[in-house]
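K.L.:
following is a predicted model, sequence given first.
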Amino acid sequence: DSGVTQTPKHLITATGQRVTLRCSPRSGDLSVYWYQQSLDQGLQFLIQYYNGEERAKGNILERFSAQQFPDLHSELNLSSLELGDSALYFCASSVATSGGPQETQYFGPGTRLLVL
Amino acid sequence: EDKVVQSPLSLVVHEGDTVTLNCSYEVTNFRSLLWYKQEKKAPTFLFMLTSSGIEKKSGRLSSILDKKELFSILNITATQTGDSAVYLCAVAATGNQFYFGTGTSLTVIP
């Protein structure tokens, strides 16, 4: 158990819908990262937040957005869902100092999203 | 385009064998290379490598980085069934970008 929690565990929805995935980082970790893992593309880095502020963006679609709240939990919002958005979404956290790199990330168990 | 390529895609060995997993990368502004083990759930961190030629070791697992040739290997000696997993290689670049390979699936047969 990494200490990172994600809800829900599974999510089934229809195309065109919007969903919100939630992540609570390990106690003391200030950085949260979101990843998408699909069968054909492996793990794709989406976005990172540090202490409430967006720090880095990867391959995140415009239909997707995220935020980190004052209590450091984070939410990933996926809208106008398409079949291709079906994937495992991981959240990871790390103890990142301001402006400094921190590669040791601890992953949550993931949310499996199925878009029908 | 930045990319990380792992080989082989899949490997099946018997308990006690030694395996070598490969990771090559083409990433601008390289910062570090990381190895993760992914069983049924979330990836778990194994190693972080930043300097060439310095072996990192943890029990039966070891890894080394070659920044000139842009690759890393992960060795597992005396494999056990509990080593069965997907092993992921990732490269961290400046700007907090992370690039993952598609992984090597290792199956260890008793």
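P.N.:
Right, received. Where do you want to start? Numbers count the residues shown, from 1 in each chain, chains lettered A, B, ... in the order given.
K.L.:
which parts of chain A sit against chain B?
P.N.:
Within chain A, the positions near chain B by CB under 8 Å from any CB of the partner chain are A:2, A:4, A:33, A:35, A:41-45, A:48, A:55-56, A:58, A:90, A:101, A:103-110. Every C-beta, even on glycine, is put in place using the N, C-alpha and C of the backbone.
K.L.:
per-residue pLDDT of A:Gln36, please?
P.N.:
With respect to pLDDT, A:Gln36 scores 96.
K.L.:
what helices and strands are in contact with the helix or strand encompassing it?
P.N.:
Per DSSP states H and E: A:Gln36 is located in strand A:31-38. Other elements packing on strand A:31-38 under the criterion 3 or more CB pairs under 8 Å, 6 or more residues apart in numbering or on different chains; DSSP states H and E are strand A:42-50, strand A:74-78, strand A:87-94.
K.L.:
ok, of those, where does mean pLDDT dip lowest?
P.N.:
For the helices and strands packed on strand A:31-38, the weakest mean pLDDT is recorded on strand A:42-50, namely a mean of 91.
K.L.:
ok now it, how far from the chain's centre?
P.N.:
Taking the mean of its C-alpha atoms, strand A:42-50 sits 7 Å from the chain's own mean (CA atoms, centre = their mean, to the nearest Å).
K.L.:
again with stretch B:15-30
P.N.:
For stretch B:15-30, the distance to the chain centre is 5 Å (CA atoms, centre = their mean).
K.L.:
give me the contact list for that stretch.
P.N.:
Here stretch B:15-30 makes contact (CB atoms under 8 Å, 6 or more residues apart in numbering or on different chains) with B:1-8, B:11, B:13, B:33, B:35, B:67, B:70-81, B:87, B:89, B:91-95, B:97, B:99, B:101, B:104, B:106, B:108-110.
K.L.:
ok, and which of those residues reach chain A?
P.N.:
Among those, chain A is touched by B:Ala92, B:Thr94, B:Gly95, B:Gln97, B:Tyr99, B:Gly101 when using CB under 8 Å from any CB.
K.L.:
mark which of those residues are buried, thanks.
P.N.:
Among those, those classed as buried by neighbour count (16 or more other CB atoms under 10 Å in any protein chain shown) are B:Ala92, B:Gln97, B:Tyr99, B:Gly101.
K.L.:
of those residues, which belong to helices?
P.N.:
Secondary structure from DSSP state H places none of those in helices.
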